[in-house]
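> Following is a predicted model, sequence given first.
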Amino acid sequence: GAVVSQHPSRVICKSGTSVKIECRSLDFQATTMFWYRQFPKKSLMLMATSNEGSKATYEQGVEKDKFLINHASLTLSTLTVTSAHPEDSSFYICSATLAGVVGDTQYFGPGTRLTVL
Amino acid sequence: DQQVKQNSPSLSVQEGRISILNCDYTNSMFDYFLWYKKYPAEGPTFLISISSIKDKNEDGRFTVFLNKSAKHLSLHIVPSQPGDSAVYFCAASALDFGNEKLTFGTGTRLTIIP
């Protein structure tokens, strides 16, 4: 079955530094990848939609200059949290949809826990 | 390999009838299960959950059943309403991971027919 990985699974950084999180589709091509932030009570906030070869579409209220998303290939999207602050500490999850498949099936990554000191 | 599986990508149900969404899992370490509802262009929102010490949890029109021996859970919506039309994801977590890391299924689109 389709597998999505995230790297790193856990990262601790100092305030003011930048952190890059990778989302990879391991055995399929993903036209579209989504980035979510997990909030208390486990609700997920959609941050942005990333399409291969084009600029990401950010949701309202998400700073595009702070959360840089790059979808350079059909198997890789990256989220870079720039100048991270403690309030950015959260669990970030990506998901991917299969290229060429119309529908709602999403494959979720295992998530990345970011802690900003 | 998918540890949480939703084998039906779509389901259509008449308004007023019962909707049953199914989910299977393979990892016996999972001890907490959740259902999420997702509308287009939004993130999944938490709907209902169940701990492995229970076999049923009810919240209004929504009931989740857990069959640990079969590694199967289901979400029942009764009566179904047009506003229930959405994509539903089941997810599982394990206490060993602090119940934070979620493993998601691939989703089932529920369409309620008026």
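In hand now; what should we look at?

> Strands along the chain, start to end?
Using chain A. A:4-7, A:10-13, A:19-25, A:30-38, A:44-51, A:57-58, A:67-73, A:76-81, A:90-98, A:107-108, A:112-116 (DSSP state E).

> actually chain B
B:4-5, B:10-14, B:19-25, B:32-38, B:45-51, B:56-59, B:62-67, B:72-77, B:86-93, B:103-104, B:108-113.

> I'd assumed B:Gly107 was in contact with A:Asp104.
Yes: in this structure, A:Asp104 is within contact of B:Gly107 by CB atoms under 8 Å, at 5.1 Å. Heads up, the C-betas are built off the backbone N, CA and C, glycines and all.

> hey, what's the nearest residue to B:Lys71 once chain neighbours are set aside bridged with?
Spatial nearest neighbour of B:Lys71, chain neighbours left out: B:Tyr25 (5.0 Å); criterion: CB to CB, 6 or more residues apart in numbering or on different chains. Per DSSP bridges, the residues bridged to B:Tyr25 are B:Val4.

> State the pLDDT value of B:Leu47.
Looking at B:Leu47, its pLDDT reads 94.

> now do A:Gly100
Note on A:Gly100: pLDDT of 62.

> Equivalent analysis for B:Gln81, please.
Looking at B:Gln81, its pLDDT stands at 97.

> again with the one 5 residues further on
We have a pLDDT of 95 for B:Ala86.

> And the one 4 residues further on, by the same measure?
pLDDT, the model's per-residue confidence, is 95 for B:Cys90.

> Identify the residue spatially nearest to it, adjacent ones excluded.
Distances taken as CB to CB, 6+ apart place B:Cys23 nearest to B:Cys90, at 3.6 Å, with adjacent residues excluded.

> Same question for A:Ala96.
Excluding the flanking residues, the one nearest A:Ala96 by CB to CB, 6+ apart is A:Ala30, at 3.6 Å.

> need the contact list for that neighbour.
A:Ala30 is in contact with A:4, A:52, A:74-75, A:77, A:96-99, A:107, counting by CB atoms under 8 Å, 6 or more residues apart in numbering or on different chains.

> Could I get the pLDDT score of it?
85.

> I'd like the strands of chain B written out as TSV, with mean neighbour count added.
Output for these, formatted as TSV (neighbours: other CB atoms under 10 Å in any protein chain shown):
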stretch	mean neighbour count
strand B:4-5	20
strand B:10-14	14
strand B:19-25	21
strand B:32-38	22
strand B:45-51	17
strand B:56-59	12
strand B:62-67	18
strand B:72-77	20
strand B:86-93	24
strand B:103-104	24
strand B:108-113	18
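
> could you redo these as CSV and give each row distance to A:Pro86?
As requested, the strands of chain B are exported to CSV (distance: least, CB to CB, whole Å):
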stretch, distance to A:Pro86
strand B:4-5, 32
strand B:10-14, 42
strand B:19-25, 35
strand B:32-38, 27
strand B:45-51, 24
strand B:56-59, 34
strand B:62-67, 35
strand B:72-77, 36
strand B:86-93, 25
strand B:103-104, 27
strand B:108-113, 38
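
> With that, I have no additional questions.
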